[in-house]
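Asks: this one's sequence-less:
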């Protein structure tokens, strides 16, 4: 077996560039400035994602597509790389090996992926839209009379949380632990490992409960899936679904709302109705995808990739944000596009996001409901004063303060019930969702 490549390996030094840090307030405040400097190094650039943890970052669109589809040269299994990383590194809760679809290849990956795909297929779009609308109206009712709120803390972060916990049958008392765990691991701070452990603890208790007392929810279906997942495998797939579903959806809602409210290029389009939620979402998926740098891959053997020498087991990440916005210097920000019209926000290849349609539906419904009820929303601060969440992996404002004309009450929700009343699993538990 090829020995692991330490984060400070000469293989990195041979590139002739000092690594550019992708963590801390400097990167969070100006990621696209960092990407422009990284492109000067070529298709792959040297970066540091945490103290003493270096990687190559793919910043070229075609190179990113090639990497994501090349299962012969690259593996998703991080264990050779992980052997050279400190056990308390803040990036391990995101990149460290676990028995999930994200860190496996071949038949093992197909088994996990089938279980996840079939479970997500049980989410009926019309039920999801109804549930998101009901949750959105309850959340908006909670702050509508105040005339101001933080759209991240009081709306964008809470809405996906309610939907996911209802779908998987998480007890109401555990929901805040879930969101803290997911946010903590993605921020990749010193508390990331503890945050991830707490998240796993919540899901492990849920799986143990459903083993003994099945219910009509997605957790029960996953446990009864023909893939025959054991308890740990089930815990890890649910944790993966929640962590890659909740936080990115939160970021997508928040980033799109910020684009509509704070980008002068929209010229008051929110109030004039000229820009739809889908247009704002599409713009964000191109320029500021919720997962900006991810897609970890590791060469199976020493190789050369797009002119860069790579050692076996070396960490190579994909910058979806940099690849999407690669363009000639004369292009305007609003016209930035790459490739043949396909952005990489959902990734591509065998590990592309399996929850694209539910995430889009959730984000569009959340934004449409908010902007229809509070039609004179405006930012309460200058966009330049916003603080962005730290960490190398995501792109999201920490807060989104807004003001609006207070409303004493919202229109009736048309008889929509509470999310707990929605049956996520019609009589298909125990079988295949499409059979």
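Replies: Done, it's in. In this text, all values refer to a predicted model and were calculated from it rather than measured experimentally. Numbering: from 1, shown residues only.
Asks: and the gap between residue 163 and residue 72?
Replies: 38 Å (Cβ to Cβ, to the nearest Å). C-beta here means a position set from N, CA and C on the backbone, and glycine is covered the same way.
Asks: er, residue 307 actually
Replies: Distance of residue 307 to residue 72, computed by Cβ to Cβ: 19 Å.
Asks: again with residue 129
Replies: Relative to residue 72, and taking Cβ to Cβ, residue 129 is found at 41 Å.
Asks: next one: residue 41
Replies: On the measure of Cβ to Cβ, residue 41 and residue 72 end up 25 Å apart.
Asks: between the two, who's got more neighbours?
Replies: Using other Cβ atoms under 10 Å, the more surrounded residue of residue 41 and residue 72 is residue 41, with 18 against 7.
Asks: What helix or strand is the more buried one located in?
Replies: Assigned by DSSP states H and E, residue 41 belongs to no helix or strand.
Asks: what's the neighbour count on the nearest residue to residue 25 once chain neighbours are set aside?
Replies: For residue 25, ignoring the flanking residues on the chain, the nearest one in space by Cβ to Cβ, 6 or more residues apart in numbering is residue 390 at 6.9 Å. Neighbourhood size, residue 390 [other Cβ under 10 Å]: 16.
Asks: can I assume residue 390 sits in a helix?
Replies: No - Residue 390: not assigned to a helix; according to DSSP: H, G, I helix; E, B strand; the rest coil it is coil.
Asks: That one and residue 23 touch, don't they?
Replies: Yes - Residue 390 is in contact with residue 23 according to Cβ atoms under 8 Å; the separation is 6.2 Å.
Asks: can you tell me the distance between the two ends of stretch 155-173?
Replies: End-to-end distance for stretch 155-173, by Cα to Cα, to the nearest Å: 19 Å.
Asks: Ok, stretch 343-352 next?
Replies: One end of stretch 343-352 to the other measures 12 Å (Cα to Cα).
Asks: which outside residues touch it?
Replies: Stretch 343-352 has contacts (Cβ atoms under 8 Å, 6 or more residues apart in numbering) with 61, 64-65, 68-69, 71, 76, 101-102, 109, 113, 285-286, 289-291, 294-295, 318, 320, 323-324, 337, 342, 353, 356.
Asks: Tell me which entries of the residues you listed lie within helices.
Replies: 61, 64-65, 68-69, 109, 113, 285-286, 320, 323-324, 356 (DSSP state H).
Asks: Generate JSON lines for these, with distance to residue 143 as supplementary columns.
Replies: Below are the ones in helices among the contacts of stretch 343-352 laid out as JSON lines (distance: Cβ to Cβ, whole Å):
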{"residue": "61", "distance to residue 143": "41"}
{"residue": "64", "distance to residue 143": "40"}
{"residue": "65", "distance to residue 143": "42"}
{"residue": "68", "distance to residue 143": "40"}
{"residue": "69", "distance to residue 143": "45"}
{"residue": "109", "distance to residue 143": "43"}
{"residue": "113", "distance to residue 143": "39"}
{"residue": "285", "distance to residue 143": "27"}
{"residue": "286", "distance to residue 143": "30"}
{"residue": "320", "distance to residue 143": "32"}
{"residue": "323", "distance to residue 143": "37"}
{"residue": "324", "distance to residue 143": "33"}
{"residue": "356", "distance to residue 143": "30"}
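Asks: May I ask which two of the residues you listed are separated the most?
Replies: Greatest spacing in the ones in helices among the contacts of stretch 343-352, by Cβ to Cβ: 109 and 286 (28.1 Å).
Asks: Could I get the phi/psi values of the residue nearest the centre of the chain?
Replies: The residue lying closest to the centre of the chain (Cα atoms, centre = their mean) is residue 248, at 2.9 Å. Phi and psi for residue 248, reported as degrees, to the nearest 10, are phi -60, psi -40.
Asks: Can you name the residues that contact it?
Replies: Counted by Cβ under 8 Å, 6+ apart, residue 248 has contacts 290, 291, 359, 394.
Asks: Quick check: which ranges of the stretch 151-300 of the chain have low pLDDT?
Replies: 186-190, 264-275 (pLDDT under 70).
Asks: could you pull out the helices for it?
Replies: 158-168, 175-187, 192-212, 218-223, 231-262, 269-272, 277-287 (DSSP state H, counting those that start in this stretch).
Asks: Do a quick rundown of the strands in the stretch 1-150 of the chain.
Replies: 20-21, 44-50, 53-58, 74-75, 148-150 (DSSP state E, counting those that start in this stretch).
Asks: partners of the second one, with directions?
Replies: To tie it back to what came earlier, the one meant is strand 44-50. strand 20-21 (parallel), strand 53-58 (antiparallel) (DSSP bridges).
Asks: How far away from the center of its chain is that strand?
Replies: Mean-position distance between strand 44-50 and its chain equals 20 Å (Cα atoms, centre = their mean, to the nearest Å).
Asks: Check stretch 136-154 too.
Replies: Taking mean C-alpha positions (Cα atoms, centre = their mean), stretch 136-154 and its chain are 23 Å apart.
Asks: This completes my enquiry, with thanks.
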